[in-house]
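[1] this one's sequence-less:
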């Protein structure tokens, strides 16, 4: 019987994330930028003014975040920009979208802008995951999700750890208690 190839000995991948190499992310950062750039270019067919300015500025920050792989500032600004453009795109589309009078090309551009808007929350999740991998902290912490994993110098009353009492060990160091 011939020897099995290394392909046969590997476990079957159970999702797209398992197919990425250990140092790579799924989806790749460049793919997120490319998809949003393409959808923004097509969205600019119909919408002009603040729509391209906001989206292309955020994509430029995304290029910075891809170029500097260790920068927490770059990825956090990209994440904040994506979240801001979700809100700005909703406002822009609701104000400037016409129900009638669009040509086929303008309807296509509006559809691509809407598709870009629908994909942005998913992109925000991927970028937030990249932010956490780079060492970023939780952006929003709400206490109802459970106890925080952060450790600080502050000690709560309910803590099982007892602070060191500075007066307990004084007898053992050659000091006698003073009587009154």
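    Nice, thanks for sending it over. Since we're looking at a predicted model, the values are computed, not measured.
[2] go through the helix with the most length in the chain and flag the buried ones.
    Taking DSSP state H as the criterion, the chain has its longest helix at helix 104-133. For helix 104-133, the neighbour count (16 or more other CB atoms under 10 Å) marks 109-110, 112-113, 116-117, 120, 123-124, 126-128, 130-131 as buried. (Glycine included, C-beta is placed from N, CA and C.)
[3] swap in stretch 85-98?
    For stretch 85-98, using 16+ other CB under 10 Å, the buried residues are 85-86, 88-89, 92-93.
[4] tally of neighbours for the nearest residue to residue 70 once chain neighbours are set aside?
    Nearest non-adjacent residue to residue 70, counting by CB to CB, 6 or more residues apart in numbering: residue 134, 6.6 Å away. Residue 134: 17 surrounding residues under other CB atoms under 10 Å.
[5] just residue 53 next, same as before
    Counted with other CB under 10 Å, residue 53 comes out at 11.
[6] give me the mean pLDDT for the helix or strand harbouring it.
    Per DSSP states H and E: residue 53 is located in helix 50-67. Helix 50-67 comes out with an average pLDDT of 92.
[7] name the residues that touch the following helix or strand past that helix?
    Next along the chain after helix 50-67, taking DSSP H and E as the criterion, comes helix 72-96. Applying CB atoms under 8 Å, 6 or more residues apart in numbering, the external contacts of helix 72-96 come out as 47, 50-51, 54-55, 57-58, 61-62, 64-65, 67-68, 110, 113-114, 116-117, 120-121, 123-124, 127-128, 130-131, 134-136, 139.
[8] if we use 6 Å, what do you get?
    Outside helix 72-96, the residues that touch it by CB atoms under 6 Å, 6 or more residues apart in numbering are 47, 51, 54-55, 58, 61-62, 64-65, 68, 117, 120, 123-124, 127-128, 130-131, 134, 136.
[9] how far away is the closest residue to residue 135 other than its chain neighbours from residue 104?
    Closest residue to residue 135 apart from its sequence neighbours, by CB to CB, 6+ apart: residue 72 at 6.1 Å. From residue 72 across to residue 104, the span is 44 Å (CB to CB, to the nearest Å).
[10] follow-up on the earlier one: other SSEs contacting the longest helix of the chain?
    For helix 104-133, the packing partners by 3 or more CB pairs under 6 Å, 6 or more residues apart in numbering; DSSP states H and E come out as helix 29-43, helix 72-96.
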